[in-house]
Every structure is written in C-alpha cells, then in structure tokens.
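Undergrad: The following block contains a protein sequence and its predicted model.
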Amino acid sequence: EKIEKKISETFYYKYEDLYSRPFVTEDSGIPINLLTLEHSFGYDCMRTVNLMMMDSQTLLYIAGNHVVLLDLKTKSQSYLRSSSGGGIGVITAHPTKQYFAVGEKGKKPHLIIYEYPSLRPYRILRGGTEEAYVSADFNHSGTLLASVGSSPDYMLTIWDWKQEKIVLRSKAFSQDVYKVTFSPDNEEQLTTSGTGHINHIPKKLNLFTIYAFLLLQISALDMLTCFSLFALKVISGAEWGNLLLWEGGLIKVELCRAGRKPCHNGPVSQLILDEGELVTVGKDGFIRVWDIETVDAADTVDETGLLEMEPMNELLVGKNVSLSFMAKVHDRGQPIWYAQDANGALWKLDLTFSNITHDPECLYTFHSGKIEAMSVSPVTYLMATTALDRSVRIYDFISKSQLSEIKFKQGGTALTWAPRVVNPKGGLIAVGFEDGVVRIIEVYDPKGLAIVAGRTNIGKAEMNLKQAFKPHTTAVTALAYERNGDVLATGSKDKTVFFFAVEDKYEPIGFICVPGPVQALQWSPPSHVKSTLLVLCENGFALQVPVPQPEEEGTVSTYQIRKLPTQYFHFYSIKSRIKLEEEIARREKKKQEKEKAKLEWIKQQQEMGKQIEEEPEEEPEEEEPLPLLYVPEEPSPILCGFYSAPGKFWLSLGGYDSGFLYHCAFSSNEHQDDLENRQDEPFEVIRMDDADDNPIHQISFCTSRLLMFCGMQNGGLRVYPLRDKDLSANTLKEYWSFNIHDNDYGQIQGICSSYDDRFLITCGGDGNIFAFNILSPEDVHKELKAKIPSPRSGLEKEKAAEDIEDPNAYSIEKARQKKEYEEIMKEAEEKKNKKREELSALRREFLSLLQKNQELPKHMQLHREVHM
C-alpha cells in the first residue's frame, strides 16, 4: 500500500511567496511600490458577517482585498493581503484562537489557514470551490473545517485542514448559500442555510457519504441564521422576526412573544447557543436571551402553529442600530461581546445582565454602505466623504482618524471641497443630497472660537451649516467650482444644471435644461483662454456652455436661462467598426505572412537548385464571416470624462462601449434642432488593456498631472505615468495596477490625491476608504501634520443657518414660480376686491333710491317691473 506523506506540524508557508502584488507593465520602469497602503478608514458593514475576535485586543474584518487586524488599544492596523487579488469571501476563527481561516474569491480560490498571532500561513486548502468561498466553520474540537462555495457550484467541502485533505464534498444546494455550521453539541451534524432552504446533514465519516435531509423549498424564507439542536432538530430565524423549530424536515412550531408579538421586529440575523442559553440577534437592535430547554420542548397548542414565550433577558443596543453579527471573547475571565452594526458601527457589549452590567459602548462609527462622494482639502491632509446614510464625515489621513461627523435628514450624493480661491483657509465644502438640496458647510477647529470656556468634549474639528438651498427636485450628482471661484455649478438627475454666484451667501444665477441626467461637471482649466463648463449626461450627451451672466432682479419670472450658447455632442458608438477594422487588418496580416512564407520557401528551393513545380491554385480557406456593425439600441452610459484642449475632451463609457478612451470634439457647425438623432463620433480612440468588461468609472490626476489615476468597476486602481502631461496611445501602454476594493461590488467611487501629491485616497461601493502613500524620489521624510482651518471670526455669535429638512420642499425654481403665481393671484384678487367694492357701492346707491321711491306719494312712485 502507498503510504501517504503527512504534512509536518512544524511546516509553514512564507507569506512573501503568497500575497498578491501589483501588476506592472514589463520593462516599463514603474516601481512596484509606487503606492503603499497607509490606512483603511471604512468598514464593509453590509457584509453578513464581517467581524472576528482573536483576543480581547484584536478585531479582524475584511476590507476589499485585505484582512485588517485592528488593535483596539493602540488603534493601529496591520494587514493580510489576498493571495489571488480576487477579493476575500469569508473569515472564521479556530475554537482555540490559535488559527483563523481566510476564504478567498477569484478563479479556483484558496482557503488559507493562518497561525495567530504570528500571522504565518500554516495551510493552504485548494480545490474547494470554483469562484468564491461564502462561509466556513470549524467543528467544536477544531479538527475539521467545513466550507461552502458560491455559484456556480455551491460546493460543500469538509476538510482535514491540517493535512490539506478533502474528507467529504457535496453540492450544498442550487441557490445562494449563506452559512454552514457544525452542531455545537454533535460534531457529526452539519447545517447549511440559504435562499429558501435548510440542509441538515449528519456525517458518516467512515462511509465517505453525505445524507442530505430537509431540502425545503420555501420562497418566502431567506435562511440567514440556523443551527442544529438535539435529535435532528434545527432552530432558525425568519425574516419576519420569529423563530422556527424544525423536526424531521417540517416546521414543528413557530415561536413568538406574548400577545403574538414577533421575537424581533425584523429579521433575526444571528442565533448563538451560549452556555446553555439561546441568544438571538436582531436587525431591530435588540439582543434577546431565551431558555434553550423551553425552545427544545416547544410544541404547537392550536392550529395557528404559534407558541408564545418570553425572553429571559433582553438588551436594546441603541436606536437606529441594525445588528448583523456578534462575537465573544474573554477579558480577564469576563465575557465581552463585540457586535457588527449594519448601520455603520462596531459595539462593545456586556451581556451579563447583572446590576453592574456596563452600557453598550460604540467603539467606532463608519459610513453604512456605498461611499457616494469624496473630496480632499486644497491646503492640508483632510478629506470629506458622504453617503446615503445621511452623514458627512471629515478624516485626517495623517493622524489616521475620523475628526467629525454631521447628520442630515437625507442621504448625501455629491461633495466637493471649495478651492483656495473661494476659501483660502480651505474650510468650506459643498455637499449635494438625494432630495436636490445643496448645503455649504464650514469645517473649523473649535479651539479657535472665542467662546470655548465651559464647553466639554471639544473635538479636533467641527462642522457648521453655513447655507442650504434647493436647486433641484431629485438627487444632486455633481458639483463644480469655476476656476476663478466666482460660480458654483450643480448638476442633478432631474436633467438640469444650476449656477450660483459665489459670495458670502450663494445667490442663484439660473439654470439650464440638459438632454439627460447629469453624470459629471468639469470647468475648463486655467490653461484655456475661455472659461467653459463641460456637462456629461448619463445617456451619451456632452454639452459645453460658457459662464452665465446674472439677470437683473425682477426682469424675469423664471430662473431658466434660455439663450445660453450651448454646444452639443451625442456619442455614436464606433466600437463594432473598430473591431471590424481590427479583424480585417488581422486577416490581411495573416495573408501577407502566408505569402511571405511561400516566397521564402521558393527562394530556399531555388538556392538549393531544386526545380519548383507550379502548384495548383489552393482553394481559399473558409473563413468565418466578418463581424457585423452594431450600435446598441440603449446608448452606453458616460461614466467620466475630462477636458484635453479647448472644445475637446476624453470620455470613458460603460456597457457595450467600454474598453476604450474616446477623444471627442464639439463641432463648430452646430445644428441643434434634432438632438436625439445627432450622431457624433470620436476622432481618436485609445484601447485600454483588459477593460472590455471592467470599465473605468473614475479618472483623476495628481496636481503635477504626471500621473493619471483610474478607478475600475472591479475595485481595482490603475496608475498611468504621463511623460508629456498628455494622453496618447503610447503613454497609456504602460501602467501600474492593483486590486484594492471588493472585486464584485467595490466599484471605485472616488480617487483624490492630496494637495501636495504625497497621498492618494480611494473610496468604493463596498464602504471602504483607503489612504496610500505615493512614492516620490525627492520625498523628504519630515513629520507631516494636518492643519484644521481656524473658524471664521464672529462664527460663535451667529444664528444657526436655516436648514431645509423637508424632502418635499420647493426647489429654487419652483419657489420662484410659486412666488410669481402668488403675485399674479394677489393682483387678480386685488382687482376682484376693487370690483366687489364698486358693485357694493352701486348696490347701496340702488337700495337708497328704492327707499326714496317708497317714500314718495303712490302716484309719483316708479314701478320696478316696468323700469327694470
């Protein structure tokens, strides 16, 4: 018999040989350490499980292509990079906390076991799934590891992980699987849960088979939480907040609270069996503790299938808290729980339920979900971000900390930091919101205020609402200050661009209507003679307009600017033609090479003195038909763009037309009668490497314009060195590329370099924000510090600016139209009142005449019938 080689207990892999590195074009001379990760500011709190405690001081979570190890005492971070560069799907800890497993994403991803606290890679498990790991769990004794893959295979694998061997494997289900768990009491039982199913799997290790029970097709159920109880029972949480006890493949009983109240108001996100008690974690912010024996013995009492019971203890973590997951550690023998809040927080909890129980402590707050917009200070190392969680946040990327947060009634959708020409101290940001409101916010150091005495908890930075106005009826998507700082332009999904005169108080100039929802706005740079605004619309339109001049007050009844000279460009797809030309060129080249080879062969034969017989004409090879020309019915969306020269600009598109940068120009011969049927073609294209299914969503430049940064749909970052500060097919052949954010939903939402080009900040759809150090050969290693702007004099005495909290409030244009209408109505009402007074006077005069007529002798009276 063949003796299998066993892996030594003392064998380790080298992390240096394992982790993924940036891609650099060969022989380009671009240094591989062009960017180095400095800090991770965000938190992907929307992941079902993104929290793991290794000890009372170390918290682990996934941030794009990194596992972040956060030291809760020093607040410092260390990182483990994915080996594939395809992202990370799951992390789970060994029961002894000596090891933890990292399940990756990508083609045939690895499941890597790291030792803790050394962080040395201990084992690499291969071949467990095709594309991504979604869940993993060690058994109670830690000898086995179960893992589940994502689509297309949904493969359930049980590993003898120390020997890197597969013990058992089976297709878990044919729909999304969220979780796999070993039974806490019986290591021979395993449960998987997902969309519309629970699989309860007893294992027979000696037979190498899996018997699957309880394949339940219930479309209303998304089984996020479940685990095995005793005697083939399973307890699960339901989306509507109750607990379901299953036995023998059927729901035995549904548990609720007294008075038919649900166990939780909303989905149950986690079930924990802790020291003989059942702990339920809810999206409603409650943690409830139930008697497990009562749950296990539960049975129906009537035809409703419901059984009422009350929790033994409960804790409300906080208002607006949505708990996803909890993990327990012991600190000096005391149990401490840490909780993940889907609304953007990490909590420290005491669940001892005694008279000395500590209140819930919020350790960190973050944006919840996708970062919508980001901008950096023009004078120091500060950045501002906003998201649909209704918050605006200020970070210091030198001290690696969040300085301030301000909340509003609606979510933020656009943000820009006012340039120095507008505010030399760099203390002003403009933020657009989903209800069409724009807010001007001051950022300042509160210690500079005259009235500080008596104030407690003075922060490092504070924000003050300076002004709020509503130029749009739907989400603001773009904000841009004109190069001289005199005008602010705002764009929206409502297909309008509004202009404001930038003064101490922003005054409306007017708005223009555009052919589609606004995607981006860019003013021409100072190198251009004229100041113009480039407007990019989602639906393939680009426009150019000059700076509008304010109308005289009271001369017009609307803010709409109708006579602003506008140039249009309606993108017409040429990708299929490019592909056709490339295919024709490829075939022609192949034909020429064949002809050349034939001539070479004839020449060789002649040199050898051999006679060449005339060969019969070869039948031409049957070639595939040339690709047909194709133009997508639905225009490809414009994702981003920028000026290249006066009247010329580059565009990046999504959909069918991705994979290229298109150089476009506004035509001087303008006929704007039929905008929809315009067909404007780019005059130059640059093919972008490996971007056909991975379009460029964001493009920005460092202040020297020597580096172009591209944010990709798959969360990757690319850097193109620009030798002559301009774009050409040759300059874009060489680049540096690194997968940073989550590869599936971490599309880069913003890229900004610091005012001095030392740092680069990226934010993504995965809620992560990363700060990188940009390598600079002449970089002097002096101590850097962010300087928070001093407050405006007299700020503390000012009355708070009036905010617009009602999402249905009138926009500036609607308010003007309403005012105009009210004035017309007032004038009409005044005319009516005047007429009414005249009629009333006539009526009084008539009644007086009647009276006088009555007083006359009868033969002198006039009869009304006759004279009416």
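TA: Nice, thanks for sending it over.

Undergrad: Can you give me the first-to-last residue distance of stretch 96-116?
TA: Using C-alpha to C-alpha, to the nearest Å, the span of stretch 96-116 from its first residue to its last is 10 Å.

Undergrad: List the buried residues for that stretch?
TA: 97, 99-106, 109-114, 116 (16 or more other C-beta atoms under 10 Å). For glycine as for every other residue, the C-beta is placed from the backbone atoms N, C-alpha and C.

Undergrad: try stretch 564-581
TA: 564, 566-571, 573-576, 580.

Undergrad: what two of the residues you listed have the greatest distance between them?
TA: Using C-beta to C-beta, the two most remote members of those are 564 and 580, lying 39.5 Å apart.

Undergrad: can you tell me the distance between the two ends of stretch 89-105?
TA: Span of stretch 89-105 from end to end, C-alpha to C-alpha: 6 Å.

Undergrad: Now intersect the buried residues of stretch 564-581 with the strands, please.
TA: Assigned to strands by DSSP state E, the following of the buried residues of stretch 564-581 qualify: 567-570.

Undergrad: picking that back up, in strands, which of the buried residues of stretch 96-116 appear?
TA: With strands taken from DSSP E, the overlap with the buried residues of stretch 96-116 comprises 99-104, 111-114.

Undergrad: Let me know the closest of those residues to residue 525.
TA: Among those, and counting by C-beta to C-beta, the member closest to residue 525 is residue 104, at 42.5 Å.

Undergrad: The closest one pairs with what?
TA: residue 88 (DSSP bridges).

Undergrad: Could you report the pLDDT at it?
TA: We have a pLDDT of 97 for residue 104.

Undergrad: and what of the one 5 residues further on?
TA: The score at residue 109 is 97. That number is its pLDDT.

Undergrad: do residue 16 as well
TA: 95.

Undergrad: again with residue 35
TA: Value for residue 35, per-residue pLDDT: 95.

Undergrad: Excluding chain neighbours, give the residue nearest to it in space.
TA: Sequence neighbours aside, residue 772 is the residue nearest to residue 35 in space, at 4.1 Å (criterion: C-beta to C-beta, 6 or more residues apart in numbering).

Undergrad: That neighbour: what's it in contact with?
TA: With contact taken as C-beta atoms under 8 Å, 6 or more residues apart in numbering, residue 772 is in contact with 35-38, 759-762.

Undergrad: Okay, and it sits in which element?
TA: strand 769-774 (DSSP states H and E).

Undergrad: Would you list the strands that that strand pairs with, along with their directions?
TA: By DSSP bridges, strand 769-774 pairs with strand 35-40 (antiparallel), strand 759-764 (antiparallel).

Undergrad: buried residues in stretch 266-279?
TA: 267-273, 277-279.

Undergrad: what's next to that stretch, contact-wise?
TA: For stretch 266-279, contacts defined as C-beta under 8 Å, 6+ apart pick out 48, 184, 222, 224-227, 235-243, 280-284, 287-292, 295, 312, 323-326, 328, 351.

Undergrad: switch the cut-off to 7 Å
TA: 184, 224-227, 235, 237-239, 241, 243, 280-284, 287, 289-290, 292, 295, 323-326 (C-beta atoms under 7 Å, 6 or more residues apart in numbering).

Undergrad: And stretch 421-429, by the same measure?
TA: Here stretch 421-429 makes contact (C-beta under 7 Å, 6+ apart) with 375, 377-380, 384, 415-418, 420, 440-444, 481, 484-485, 502, 789-790.

Undergrad: if I look at residue 96, how far off is residue 8?
TA: According to C-beta to C-beta, to the nearest Å, residue 96 and residue 8 sit 19 Å apart.

Undergrad: Quick check: phi and psi at the closest residue to residue 637 other than its chain neighbours.
TA: Once flanking residues are discounted, residue 637 sits nearest to residue 654: 4.7 Å by C-beta to C-beta, 6+ apart. The phi/psi pair for residue 654 (degrees, to the nearest 10) reads phi -100, psi -170.

Undergrad: and residue 654, what does it touch?
TA: 636-637, 639, 695.

Undergrad: I'd like the list of the residues you listed that fall within strands, please.
TA: residue 639.

Undergrad: Among the contacts of residue 654, which one lies nearest to residue 513?
TA: After measuring the contacts of residue 654 against residue 513 - C-beta to C-beta - the closest member comes out as residue 637, at 19.6 Å.

Undergrad: Tell me the confidence at that closest one?
TA: 96.

Undergrad: count of residues packed around it?
TA: The tally of other residues near residue 637 (other C-beta atoms under 10 Å) stands at 19.

Undergrad: That one touches residue 655, doesn't it?
TA: Yes - with contact taken as C-beta atoms under 7 Å, residue 637 and residue 655 are classed as touching, separated by 6.0 Å.

Undergrad: In stretch 657-671, which residues are buried?
TA: For stretch 657-671, a neighbour-count test (16+ other C-beta under 10 Å) marks 657-666 as buried.

Undergrad: Now the two most distant members of the residues you listed.
TA: Checking these with C-beta to C-beta, the most distant pair is 659 and 666, at 24.0 Å.

Undergrad: show me where the stretch 701-850 of the chain has helices.
TA: When assigned using DSSP state H, counting those that start in this stretch, the helices of the stretch 701-850 of the chain occupy the ranges 812-855.
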